[in-house]
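*Asks:* curious how this folds, go ahead:
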Amino acid sequence: MLRRILLPGLFVLLTAAVSDAVWRVAVQEGLRNLQERGAADLRLASDRLVTALVQFREVAVLTADHRAMRALAERGAGTRAEVDEVLQRVADRSGALELLLVAPDGRVLAGPPSAPARLVLTPELRRARHGATGTFHYVEADGVRRIFSFAAPVFGAGGQVVGALLLRLDAGRVEAPGRGDPVPVWFTDAAGVAFVANRSEMVFRRTDPAIPRDVTIYPDAVPLHERPFGIRRVAGWDLAQGGAYLPATGLPVARDLPVIGMRGHGLIDAGAVLRAARAQALAVAVGMLGLGAVIYALWERRRLLSLRLRAEAEANAALEARVAARTAELLEANDRLRRAQAELVQAGKLSALGQMSAGISHELNQPLMAIRSYAENGALFLERGRAAEAADNLSRISELARRMGRIIKNLRAFARQESEPVRDVDMVAVIAAALDLVEGKLARHGVTLDWVPPGGAVQVRGGEVRLQQVVVNLLSNAADAMVESPERRLTIRLAHSGKGRVLLTVADTGPGIAEPERLFDPFYSTKAVGSAEGMGLGLSISYGLVQSFGGAISGANRPEGGAVFTVDLQAAGKGRQAA
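*Replies:* So this is what the prediction gives:
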């Protein structure tokens, strides 16, 4: 009893351990791949932001080198109106918020009418006073609009700095192209605050816990928020718990951007990876528990069987004296029973083997005859040194062998009522292949073929091998039916009947059909009993094959004599066939 309880418990613990290991491996592998894709997405977003800011910085540098800027800043030459016009034109074309010409002491020499008379010397202006291009970002006093500011020095004739060209840019302009991206991306400054983001709820968020809170450049009017997600450890990875507009469970990625003095961040949705890992772990657990249940059931059955056999052995020992007198009679009866059982088993085997052999020999008779003919011709070609024709015969034999395998598969599929997927098939090529198989038989029977292929392909919905098998059955049956006929003409027609259907008709000049209503019954045949030509399976199998891809087959007697079979097939899409 202890073993019966202990072993299942240990197996359950083993299953839990294996499932946990599978889950961890799946999570780690999935997150590793996810991190690579997330890093690539963040790199694209970062390159887009850096490129945009560098372009605006270059605009400031090029504008500062304008002759009107140098003349007004150095000598006061020219008019402010002319410089204002240049600055406004550059701002309109570049998309900048405004451009200002500033003196080294902060006086505004030119710019829009709304510009103040003097500016506080911010870091970028101080840097421009020393002859270098400066970049700075800040939030306006109202705490709403975020500004990128670029200052380029204006050099005089002697190389000294005579002013600075200040370009101010609304941060919303450079972050707008990324707002439709599926991956949340934001960029933090030295204070650890998100200054640019493609999600509005991420702006002014403190997302870098490594930076102290007292390190900030933002005025009191700016509402700084703590990071919008928590971190939890999953399989050795730190995953973020997002909010309403962020992934519920995301993998954070980061990238330093020294060119603009910021750090890029991204949050990649890891929900699919975790769900896939849970599914794999669950599948492993269910599989192991199912296997364990089967093993336990077999072991329990063996135990119960052992107990029952032991009880039966004890009962047999008690009854041994009573059955001694009837031993000889029972032995004789058992011997007769064994002989009868052996005869029934052998008869069943012979019956099944006979049915299979009959069906397969009927369906493979023509390919086998063709293989034999190609083999004999190939031998003659080799004797005569005609290697190319021999190689062609060998290729045909190989193709017929493969086709025989596919025919056997279709016979088995029909017997089991299986269906194969259909596709577009060229019915002209199917008829040509079928005629290639029965060409020898038609020649032996002296059959005249009336068949003119259409000018182009006639596409129908079906299976190529199955359609070839159907056409071969119809042609072969027609040839057999005309053996005793004075006129032996086989007529094949292929045409569109309208409404997306294609009709194939096969007509002969034989005696016709005696019982049309039984035409497609299994084992029904008009040939002599014991004939080696067929067992009455061909039309029955053809009926099932045509129905498997949405078609219909029918047979009738012609008024002028003979039989005609019609195969109604679904045409392919419009414009895909030409008759």
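
*Asks:* for the stretch 151-300 of the chain, just list every one of the helices.
*Replies:* Residue ranges of the helices in the stretch 151-300 of the chain, as given by DSSP state H, counting those that start in this stretch, are 171-175, 271-323.

*Asks:* tell me which of these is the most buried.
*Replies:* helix 171-175 (a mean of 19; mean count of other C-beta atoms under 10 Å). To be clear about C-beta, it is placed using only N, CA and C from the backbone, and glycine gets the same treatment.

*Asks:* please name every helix or strand in contact with it.
*Replies:* Helices and strands touching helix 171-175, by 3 or more C-beta pairs under 8 Å, 6 or more residues apart in numbering; DSSP states H and E, are helix 2-64, strand 146-155, strand 194-197.

*Asks:* now the longest one: average pLDDT?
*Replies:* In this model, helix 2-64 has an average pLDDT of 90.

*Asks:* name the next helix or strand downstream of that helix, please.
*Replies:* helix 67-75 (DSSP states H and E).

*Asks:* please point out which parts of that next one sit buried.
*Replies:* Under the neighbour-count criterion of 16 or more other C-beta atoms under 10 Å, helix 67-75 has Ala68, Met69, Arg70, Ala71, Leu72, Ala73, Glu74 buried.

*Asks:* what's the closest of these to Val546?
*Replies:* Within those, the smallest distance to Val546 is 86.3 Å, found for Met69 (C-beta to C-beta).

*Asks:* dump the residue contacts of the closest one.
*Replies:* By C-beta atoms under 8 Å, 6 or more residues apart in numbering, Met69 lies in contact with Thr63, Val83, Val86, Leu101, Ala110, Val154, Gly163, Leu165.

*Asks:* try it again at 6 Å.
*Replies:* Going by C-beta atoms under 6 Å, 6 or more residues apart in numbering, Met69 touches Leu101, Val154.

*Asks:* please tell me how far it sits from Ala285.
*Replies:* Remark: distance between Met69 and Ala285 (C-beta to C-beta, to the nearest Å) = 73 Å.

*Asks:* quick one on the thing from earlier: can I get the helices and strands packed on helix 171-175 in CSV with mean neighbour count and distance to Arg466?
*Replies:* Below are the helices and strands packed on helix 171-175 laid out as CSV (neighbours: other C-beta atoms under 10 Å; distance: least, C-beta to C-beta, whole Å):
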stretch, mean neighbour count, distance to Arg466
helix 2-64, 16, 42
strand 146-155, 23, 69
strand 194-197, 24, 60
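
*Asks:* so for Ala571, which of those sits nearest?
*Replies:* Of all the helices and strands packed on helix 171-175, helix 2-64 sits nearest to Ala571, with 45.1 Å by C-beta to C-beta.

*Asks:* which strands and helices lie in contact with that closest one?
*Replies:* For helix 2-64, the packing partners by 3 or more C-beta pairs under 6 Å, 6 or more residues apart in numbering; DSSP states H and E come out as strand 146-155, strand 161-170, strand 250-257, strand 262-269, helix 271-323.

*Asks:* would you list those in TSV and tack on mean pLDDT?
*Replies:* As requested, those are exported to TSV (pLDDT from 0 to 100):
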stretch	mean pLDDT
strand 146-155	94
strand 161-170	94
strand 250-257	92
strand 262-269	92
helix 271-323	87
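
*Asks:* let's have these in a markdown table, adding distance to Ala240.
*Replies:* Output for the helices and strands packed on helix 2-64, formatted as a markdown table (distance: least, C-beta to C-beta, whole Å):
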| stretch | distance to Ala240 |
| --- | --- |
| strand 146-155 | 24 |
| strand 161-170 | 29 |
| strand 250-257 | 5 |
| strand 262-269 | 6 |
| helix 271-323 | 12 |
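
*Asks:* what's Tyr543 in contact with, if anything?
*Replies:* By C-beta under 6 Å, 6+ apart, Tyr543 lies in contact with Phe520, Ile553.

*Asks:* redo the buried residues of helix 67-75 as CSV? Include pLDDT and distance to Phe381.
*Replies:* Shown next, in CSV, are the buried residues of helix 67-75 (pLDDT from 0 to 100; distance: C-beta to C-beta, whole Å):
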residue, pLDDT, distance to Phe381
Ala68, 89, 94
Met69, 91, 93
Arg70, 89, 94
Ala71, 89, 98
Leu72, 90, 99
Ala73, 89, 98
Glu74, 84, 99
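
*Asks:* just flag the most distant two among the residues you listed.
*Replies:* Distances among those were taken as C-beta to C-beta; the most separated pair is Ala68 and Glu74, at 11.1 Å.

*Asks:* what sits up against the helix or strand where Ile431 lies?
*Replies:* Assigned by DSSP H and E, Ile431 belongs to helix 427-444. For helix 427-444, contacts defined as C-beta under 6 Å, 6+ apart pick out 366, 370, 373, 453, 457-458, 460, 467-468, 471-472, 475-476, 479.

*Asks:* from the middle of its chain, how far away would it be?
*Replies:* Distance of helix 427-444 from its chain centroid, counting by C-alpha atoms, centre = their mean, to the nearest Å, is 39 Å.

*Asks:* flag every buried residue along it.
*Replies:* So helix 427-444, judged by 16+ other C-beta under 10 Å, has buried residues Met427, Val428, Val430, Ile431, Ala433, Ala434, Leu435, Leu437, Val438, Lys441, Leu442.

*Asks:* what is the neighbour count of the nearest residue to Leu87 once chain neighbours are set aside?
*Replies:* Spatial nearest neighbour of Leu87, excluding adjacent residues (C-beta to C-beta, 6 or more residues apart in numbering): Leu99 at 4.1 Å. Leu99 has 29 neighbours, counted by other C-beta atoms under 10 Å.

*Asks:* let me see the backbone angles for Arg454.
*Replies:* Small correction: residue 454 is Pro, not Arg. With angles defined as degrees, to the nearest 10, Pro454 sits at phi -60, psi 170.

*Asks:* for the stretch 351-500 of the chain, what are the low-confidence residue spans?
*Replies:* Within the stretch 351-500 of the chain, the segments meeting pLDDT under 70 span 351-364, 366, 406-420.

*Asks:* before we move on, the earlier item: could you dump the helices of the stretch 151-300 of the chain to CSV with distance to Gly512?
*Replies:* Formatted as CSV, these follow (distance: least, C-beta to C-beta, whole Å):
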stretch, distance to Gly512
helix 171-175, 84
helix 271-323, 60
